[in-house]
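>>> Got a predicted structure plus its sequence, pasted below:
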Amino acid sequence: METSSKKVGVLVPLNANLEEDTSNSIPRVEISKCINLLGRDVIPITDKRLSRKHVSIIVSADDSAEVLVEGTNPVVIRSQDQRRKKLLSGQKLTIRDGDIIELIPGHYLFKYKALDDVRKKSSPNKQKRPLAEGDQDEPLTQKRLRQVSEDEALARRLQTELNEDTQDTKNSAEAIRNFKPSEDKIPQTFRLMKVKGLQPWANTSSVSIADVIQGNVVIAVLSNYMVDIDWLMSACPNLKNIPHVLVVHGESDGRQANMKKHKLENWIFHKPSLPIAWGTHHSKAMFLVYPEGVRIIVHTANLIYVDWNNKSQGLWMQDFPWKNQDCLNKASGFETDLIDYLSALKWPEFSVKLPELGNISFNSFFFKRFDYSSATVRLIGSVPGYHTGSNIKKWGHMKLRSILQDCVFDKEFQNSPLIYQFSSLGSLDEKWMSEFAFSMSSGVSDDNKKPLGLGDPLIVWPTVEDIRCSLEGYAAGSCVPSPQKNVEKPFLKKYWAKWKATHTGRCRAIPHIKTFTRYNGQNLAWFLLTSANLSKAAWGALQKNNTQLMIRSYELGVLFLPSSTIHAHAFSCTENRTPSENIHVSSSKTHEEKRTKLVTLSSLHTNKMSDVITLPVPYELPPQRYSSEDVPWSWDRQYKKRDVFGQVWP
């Protein structure tokens with residue numbers, strides 16, 4: 001027994017730079033002269049692609065070490081920075097001192113270090129000169145670049161295959177090519193986020209985080225659920241120069257500690273209180289204060305790499321100027337929405353020094369200093385709590401209901417269908433689905449002021465095949481985190497519709513975007529871009545004979561409505577314009593007013609009518625229903641058919 005347990009080596013965890021991971025999140029693993037098991041039973045990794053007993057490392061009598069893949073997903077062995085072999089389940093390979101094991105290709109890297117006496121016995125070539133420190137840098141850099149190139153080439157190949165499949169409908173397949181909103185219309189629409197690896201046409205008018213956080217920002221409020229500080233700093237170096245940064249987040253206690261290690265001195269972290277169990281701070285927004293005004297962004301991406309590079313996401317943005325002194329007490333619906341929501345966050349006040357204002361206390365009421373009269377959208381927020389009385393109409397689906405009830409829509413939307421599109425499904429029942437549909441169906445017709453009537457909803461949701469063939473393979477499924485018990489409820493079968501995004505080039509860019517809309521053909525009654533998934537926690541559930549609304553989570557969305565709009569030059573906090581060019585709506589009453597019409601990218605009216613607002617709805621309308629072969633994705637099922645990277649799930 002003593003001989004069999006003799007320590008012969010150690011597996012050292014590595015980071016993405018192939019350096020020893022010193023974060024202590026994953027321990028070293030000792031290798032003894034016996035069968036050593038490595039997987040989720042041994043190391044603290046929750047990724048279900050990793051089996052509990054993922055690999056065996058078998059050390060024989062002559063001290064040679066052999067890796068045997070026990071799990072279902074492949075393992076990669078590297079030697080001297082070159083990938084020697086991809087091992088499938090049941091395959092094995094002898095490893096040497098310095099070899100690297102990728103438990104999942106590209107993820108969870110361990111370097112095998114043999115003890116000195118073992119190394120001497122098993123060295124295959126004593127005359128081989130080891131690479132010097134300086135020699136290692138160049139091959140490693142080249143290797144990383146090659147891997148990135150290969151990943152992007154695969155994405156382009158997949159997209160090319162998709163394009164070839166749709167040659168007969170080329171014009172509709174590339175409809176986003178023509179989405180180039182003028183400056184005055186940008187605040188009235190939203191934009192998709194850039195996705196790496198797509199054809200250039202698919203990213204027409206799309207935005208990255210660097211397009212958003214720019215210019216001379218003096219205060220930044222970043223509201224989100226997940227925040228990767230390291231990535232955020234690398235993606236947007238300008239953040240380091242902002243005097244005051246407030247991060248409102250929903251991270252766990254463990255992640256908070258890690259965030260604080262990396263934060264700058266002038267950063268403040270705040271996690272809003274969650275008075276009801278199972279709630280989260282899930283809102284995704286930015287509030288950037290400039291000497292010229294404020295930029296407000298509502299979007300759908302966590303502040304992490306994959307969300308801003310690999311997913312279908314959406315973003316709305318508008319700049320607003322400071323109020324004139326004689327307008328300080330004037331408010332709009334948008335301002336009321338905003339101040340109500342920011343007040344609920346209750347961040348710790350702090351003092352800031354601003355040009356011409358001096359030292360002021362930075363709280364939610366600070367945002368009353370800006371002129372929001374040019375806003376053509378409304379904010380739909382959710383705040384946790386038991387809301388009663390007049391507050392019942394301030395949040396969640398009841399807020400949406402109260403706004404839509406006061407809206408007049410074209411008669412074509414009477415009993416027209418609804419779309420619910422999102423990336424996580426709560427535990428639902430038919431009673432709540434009826435309650436939610438009633439709110440979504442609110443509003444009256446313009447010809448007789450008759451209620452529009454209930455619309456039949458469809459749920460646009462990726463199938464297992466969508467995830468398997470996506471740009472990320474099964475890994476994309478981790479961002480569609482709904483369990484089988486929620487997804488496979490029998491009553492939901494009548495709602496399922498396909499994620500098909502040919503016209504935006506995003507069929508294989510799995511949606512993390514969340515949208516809700518009422519439509520007729522390519523015309524939209526209204527459209528909501530939001531952080532809210534389809535759940536009671538996000539939207540609220542009526543209780544006590546409909547006198548109380550219970551909400552668990554913080555959410556924020558922007559509602560696009562047909563409206564009478566004064567056409568004017570858009571105000572900007574960052575572009576160099578003369579004062580006469582930087583006009584905003586409240587400064588003049590001479591511009592032409594027209595009722596806008598909301599349409600999709602595929603509308604025939606898109607390029608023919610000046611009063612049309614085109615919204616880049618990323619999926620096809622009307623959507624195709626699931627066929628009998630389609631299976632809705634749930635992330636806790638096993639999928640043994642290999643994805644585009646040769647992996648299975650979990």
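In hand now; what should we look at? Fair warning: this is a prediction, and the values are worked out from it, not measured in the lab.
>>> show me what contacts the residue nearest to residue 643 when sequence neighbours are not counted?
Using CB to CB, 6 or more residues apart in numbering and skipping the chain neighbours, the partner closest in space to residue 643 is residue 473 (3.5 Å). Bear in mind the C-beta positions are built from the backbone N, C-alpha and C, glycine included. Applying CB atoms under 8 Å, 6 or more residues apart in numbering, we find residue 473 in contact with 467, 643, 644, 645, 647.
>>> What about the second one, how many residues nearby?
What that stands for is residue 643. With neighbours defined by other CB atoms under 10 Å, the count for residue 643 comes to 21.
>>> The third one too?
Here the number of neighbours of residue 644 (other CB under 10 Å) works out to 17.
>>> and it, helix, strand or coil?
Here residue 644 is recorded as coil under DSSP: H, G, I helix; E, B strand; the rest coil.
>>> Show the model's pLDDT score for the closest residue to it other than its chain neighbours.
Once flanking residues are discounted, residue 644 sits nearest to residue 473: 5.0 Å by CB to CB, 6+ apart. What the model reports for residue 473 is a pLDDT of 96.
>>> Look up how far residue 106 lies from residue 473.
Distance of residue 473 to residue 106, computed by CB to CB, to the nearest Å: 11 Å.
>>> same question, residue 25
To residue 106, residue 25 is 18 Å away according to CB to CB.
>>> How about residue 37?
22 Å.
>>> Spatially central, which residue of this protein would that be?
The geometric centre of the chain, computed from its C-alpha atoms, lies nearest to residue 301 (CA atoms, centre = their mean), at 2.9 Å.
>>> Assign that one to helix, strand or coil.
Relying on three-state DSSP, one would call residue 301 coil.
>>> Only C-alpha atoms, please: export stretch 231-239 in PDB.
Provided in PDB are the C-alpha atoms of stretch 231-239 (Å, rounded to 0.1, in the frame of the first residue of the first chain):
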ATOM      1  CA  TRP A 231     -12.600  42.000 -18.900                       C
ATOM      2  CA  LEU A 232     -14.400  45.300 -18.400                       C
ATOM      3  CA  MET A 233     -11.200  47.200 -18.000                       C
ATOM      4  CA  SER A 234      -9.600  45.600 -21.000                       C
ATOM      5  CA  ALA A 235     -12.600  46.200 -23.200                       C
ATOM      6  CA  CYS A 236     -13.100  49.700 -22.100                       C
ATOM      7  CA  PRO A 237      -9.800  51.200 -20.800                       C
ATOM      8  CA  ASN A 238     -11.500  54.700 -20.600                       C
ATOM      9  CA  LEU A 239     -13.100  53.500 -17.400                       C
END
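>>> ok, and for it, which residues are buried?
By neighbour count on 16 or more other CB atoms under 10 Å, the buried set for stretch 231-239 is 231, 232, 235, 236, 239.
>>> contact partners of it?
208-210, 213-214, 217, 220, 240, 245, 262, 303-305, 308.
>>> Report the residue spans of the stretch 501-650 of the chain with pLDDT below the cut-off.
Confidence mapping of the stretch 501-650 of the chain against pLDDT under 70 gives the ranges 564-569, 576-594, 605-610.
>>> Please repeat the previous calculation with a cut-off of 80.
564-570, 576-595, 604-610 (pLDDT under 80).
>>> Quickly note the distance from residue 304 to residue 212.
Residue 304 is 15 Å from residue 212, where distance means CB to CB.
>>> List the contacts of the closest residue to residue 27 other than its chain neighbours.
Leaving aside its chain neighbours, residue 27 sits nearest to residue 43 (6.9 Å; criterion: CB to CB, 6+ apart). By CB under 8 Å, 6+ apart, residue 43 lies in contact with 26, 27, 29, 108.
>>> tell me the secondary structure for residue 43?
Here residue 43 is coil, with the state taken from three-state DSSP.
>>> So for it, what pLDDT did the model give?
Looking at residue 43, its pLDDT is 87.
>>> how close does it sit to residue 353?
Taking CB to CB, one finds residue 43 at 48 Å from residue 353.
>>> Same check on residue 177?
According to CB to CB, residue 177 and residue 353 sit 46 Å apart.
>>> Look at the two and report which has more neighbours.
Higher neighbour count among residue 177 and residue 353: residue 177, with 17 against 11, using other CB under 10 Å.
>>> Could you find the closest non-adjacent residue to the more buried one?
Spatial nearest neighbour of residue 177, excluding adjacent residues (CB to CB, 6+ apart): residue 201 at 4.8 Å.
>>> Am I right that the one you found is in contact with residue 174?
Yes. With contact defined as CB atoms under 8 Å, residue 201 reaches residue 174; the gap is 5.3 Å.
>>> one step back: what is the nearest of the contacts of residue 43 to residue 367?
For the contacts of residue 43, the residue nearest residue 367 by CB to CB is residue 26; the value is 42.6 Å.
>>> re earlier: can you tell me how far the residue nearest to residue 27 sits from residue 328?
For residue 43, the distance to residue 328 equals 58 Å [CB to CB].
>>> Count the neighbours of the nearest residue to residue 597 once chain neighbours are set aside for me.
Computed as CB to CB, 6+ apart, the closest residue to residue 597 that is not its neighbour in sequence is residue 612, at 5.1 Å. Residue 612 has 17 neighbours, counted by other CB under 10 Å.
>>> same deal with residue 486?
17.
>>> same question, the one 4 residues further on
Taking other CB under 10 Å as the criterion, the count of residues near residue 490 is 6.
>>> gap between it and residue 464?
18 Å.
>>> Please apply the same query to residue 246.
For residue 246, the distance to residue 464 - CB to CB - is 40 Å.
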